[in-house]
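Trainee: Structure here, sequence nowhere to be found:
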């Protein structure tokens, strides 16, 4: 491992201590030793902001006072956890899907953290749809946290499709997963789901294609293990459709984290696994880490940014 996680940016969709990302993100910062930036993006036409304007504040004052008010609420939320010292709180006017990736780029963050909706699903809620947009726009790896990571060796399932892009994302994913695991370490497995239409039909699909895929997967893992300190992930090959296969493997094995990679292309074609990654994000029974191949140049967020440090608990 060569790249420690120094800076985390976590999006808080609501100013309430029960926001699904708040406690897991704080615990993750403690686990990794990273600086945590909690971010709340608010609409520029928020009713409370309009009240400041109607009260006679002029120029940038409404945004400044309203931003400070939101930051203090976010700091209060952090204080409820009893471990807020040094956490940076930000209130930014704009859409979270733009604010989080842009702020992360400006801070040179190592990871962006988002949470599922309050209903426990990534789709069908404001935070859920925002998380999908953040995943597409972020140059930094994005972690969808479904609760706190367990205080034990982390079961990490990495997905590979045996391409050069996949191999690069896999290598980075192994390193990031080890950092997320911290002192607990990882129990890692890499799965390749081989398309096998004949197997689904029971029409004489033999073991040869799966054997060949296993040989390729082992060769990739062996090449990446050179110079490593451990045996590397356990190889696993399944027959079937990629997304259901990855999710089934995660469920059957009891994975704590699934790791997927993306291409550098923008838009729907950006996913290394096509629509597979999005399906896994919606349906995986555990947290999911999405690893992009490169960083994008920094562009300031639209809207005024406010920041403060959450004081220590009293």
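Mentor: Here it is on my side, so go on. This is a predicted model, so every value here is computed, not measured.
Trainee: Going by C-alpha atoms from here, please, whenever you check contacts or count neighbours.
Mentor: Noted.
Trainee: A strand includes residue 232, no?
Mentor: No. Using DSSP: H, G, I helix; E, B strand; the rest coil, the assignment for residue 232 is coil, not a strand.
Trainee: Which residues are in contact with it?
Mentor: By CA atoms under 8 Å, 6 or more residues apart in numbering, residue 232 lies in contact with 188, 221, 225.
Trainee: Now, the residues you listed that are in strands?
Mentor: Members of these lying in strands (criterion: DSSP state E): residue 188.
Trainee: Kindly reformat the contacts of residue 232 as a markdown table and extend each row with neighbour count and pLDDT.
Mentor: Formatted as a markdown table, the contacts of residue 232 follow (neighbours: other CA atoms under 10 Å; pLDDT from 0 to 100):
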| residue | neighbour count | pLDDT |
| --- | --- | --- |
| 188 | 22 | 96 |
| 221 | 20 | 92 |
| 225 | 15 | 79 |
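Trainee: Identify, from the contacts of residue 232, the entry nearest to residue 63.
Mentor: Nearest to residue 63 out of these is residue 188 (CA to CA; 46.7 Å).
Trainee: can you give me the offset of stretch 96-114 from its chain's centre?
Mentor: Relative to its chain's centre, stretch 96-114 lies at 11 Å (CA atoms, centre = their mean, to the nearest Å).
Trainee: Can you tell me which of the contacts of residue 232 lies closest to residue 136?
Mentor: Of the contacts of residue 232, the one sitting nearest to residue 136 (CA to CA) turns out to be residue 188, at 25.7 Å.
Trainee: how near is the closest one to residue 158?
Mentor: Applying CA to CA, to the nearest Å, the value for residue 188 to residue 158 is 7 Å.
Trainee: Equivalent analysis for residue 21, please.
Mentor: Using CA to CA, residue 21 is found at 23 Å from residue 158.
Trainee: Then residue 29?
Mentor: Using CA to CA, we find residue 29 at a distance of 22 Å from residue 158.
Trainee: Have a look at these two and say which one is more surrounded.
Mentor: Higher neighbour count among residue 29 and residue 158: residue 158, with 30 against 21, using other CA atoms under 10 Å.
Trainee: I'd like to know the beta-bridge partner residues of that one.
Mentor: As for beta bridges, residue 158 partners with residue 190, residue 259 under DSSP bridges.
Trainee: quick one, what contacts the spatially most central residue of the chain?
Mentor: When CA atoms, centre = their mean is applied to the chain, the residue found nearest the centroid is residue 143 (1.3 Å). Shown in contact with residue 143 (CA under 8 Å, 6+ apart): 111-114, 287-290.
Trainee: Rebuild those as a markdown table, extending it with distance to residue 34 and secondary structure.
Mentor: As requested, the contacts of residue 143 are arranged in a markdown table below (distance: CA to CA, whole Å; DSSP: H, G, I helix; E, B strand; the rest coil):
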| residue | distance to residue 34 | secondary structure |
| --- | --- | --- |
| 111 | 10 | strand |
| 112 | 12 | strand |
| 113 | 12 | strand |
| 114 | 16 | strand |
| 287 | 19 | strand |
| 288 | 19 | strand |
| 289 | 17 | strand |
| 290 | 19 | strand |
